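*Asks:* Take a look and give me a structure for this.
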Amino acid sequence: MTSDNLITEGLTGLEEVAPDILSLRTLFVNVVFIGETGSRNWVLVDTGMARFTDYIVQVATERFQGPPSAIILTHGHFDHVGTVIELEQFWGVPVYAHPLEIPYLTGLKDYPPADPSVGGGLMSRLSFAYPNEAINLDDRIFSLPKDHSVPGLSGWEWVHTPGHTPGHVSLFREADRLLIAGDAIITVKQESLWSVLLQDKQLHGPPSYFTTDWQAAHQSVQHIRHLEPKLAITGHGHALSGDMLSESLKRLDLDFEESTVPDHGKYVD
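*Replies:* Next up, the predicted model:
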């Protein structure tokens, strides 16, 4: 079965957002394949939900000629690393993350538990059950280069966008101002099951139930806004581009305290 057939049959969400960018939705979170179709040089960003290993491998096998040169993690929350151990073992490739994220990926430190009292939707209320425990990639995880280059990707840089987690990163390509934002910004109201099911496209801050530093989260939104991206692929929701993206980023920045920061909760000042 080809990737075109997979898109046509709608087995899951595949979105070709640029000639060398394919976004794949695993249940409710995206993974991103960076590389031209048929290339031997490509990179996987994030690994999605558990139990999607075979599907990710299938899409990769149909699109590329060989394994990725690296796996890049925007952060280590359960829905972004669900298949990373299996994929690393299958492909035998290095995994990279920000050094502040390494403790959560080597079994040394668990994330703070979710706060189900914020966000006001069913996804938030259920978040008490979301895993927050560290995974252990042991010596298979490496820190991203200090010069902000991205292993395996020429012309890309990683950008530290903390708040949702301490070592959260986004990826940016200056040539076409393309941003892979992880959960620093998202294009669906992730706290609401109804919005997640509809995949209603609207720019939001990071998922509130797992965000522990709202001041840093706002600063990350400001950093992203100053990059002036023309296209953003986010960890949840569809890609956003053009004037809709720029205007939405401006509005999110200016209204962040009122529209995004919860008025209560264990991680609110």
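*Asks:* which residues of the chain score low on pLDDT?
*Replies:* Under the criterion pLDDT under 70, the flagged ranges of the chain are 1-12, 194, 196, 198.
*Asks:* Helices of the protein, start to end?
*Replies:* Assigned by DSSP state H, the chain shows helices spanning 3-9, 53-63, 84-91, 102-105, 122-125, 193-198, 214-227, 242-254, 256-259.
*Asks:* what does the fourth one rub up against?
*Replies:* The list of residues contacting helix 102-105 from outside it, by CB atoms under 8 Å, 6 or more residues apart in numbering, reads 73, 76, 81, 95, 97, 108-111, 134-137, 141, 143, 165, 167. To be clear about C-beta, it is placed using only N, CA and C from the backbone, and glycine gets the same treatment.
*Asks:* Any idea how far that helix is from the middle of the chain?
*Replies:* Centre-to-centre, helix 102-105 and its host chain are 16 Å apart (CA atoms, centre = their mean, to the nearest Å).
*Asks:* one step back: for residue 27, find the nearest of the helices of the chain.
*Replies:* The closest of these to residue 27 is helix 193-198. By CB to CB, the value is 9.3 Å.
*Asks:* Centre-most residue in the protein?
*Replies:* residue 182 (2.6 Å; CA atoms, centre = their mean).
*Asks:* Need the distance between the two termini of stretch 238-245.
*Replies:* Stretch 238-245 has an end-to-end distance of 12 Å (criterion: CA to CA, to the nearest Å).
*Asks:* Can you tell me which of the contacts of helix 102-105 are buried?
*Replies:* 73, 76, 81, 95, 97, 111, 134-135, 137, 141, 165, 167 (16 or more other CB atoms under 10 Å).
*Asks:* nearest to residue 266, of the residues you listed?
*Replies:* Checking these against residue 266 with CB to CB, the nearest one is residue 111 at 13.1 Å.
*Asks:* Look up the closest residue to the closest one, ignoring the ones flanking it.
*Replies:* Distance criterion CB to CB, 6 or more residues apart in numbering; nearest residue to residue 111, sequence neighbours excluded, is residue 132 at 4.3 Å.
*Asks:* list the contacts for the one you found?
*Replies:* Residue 132 neighbours (CB under 8 Å, 6+ apart): 78, 110-114.
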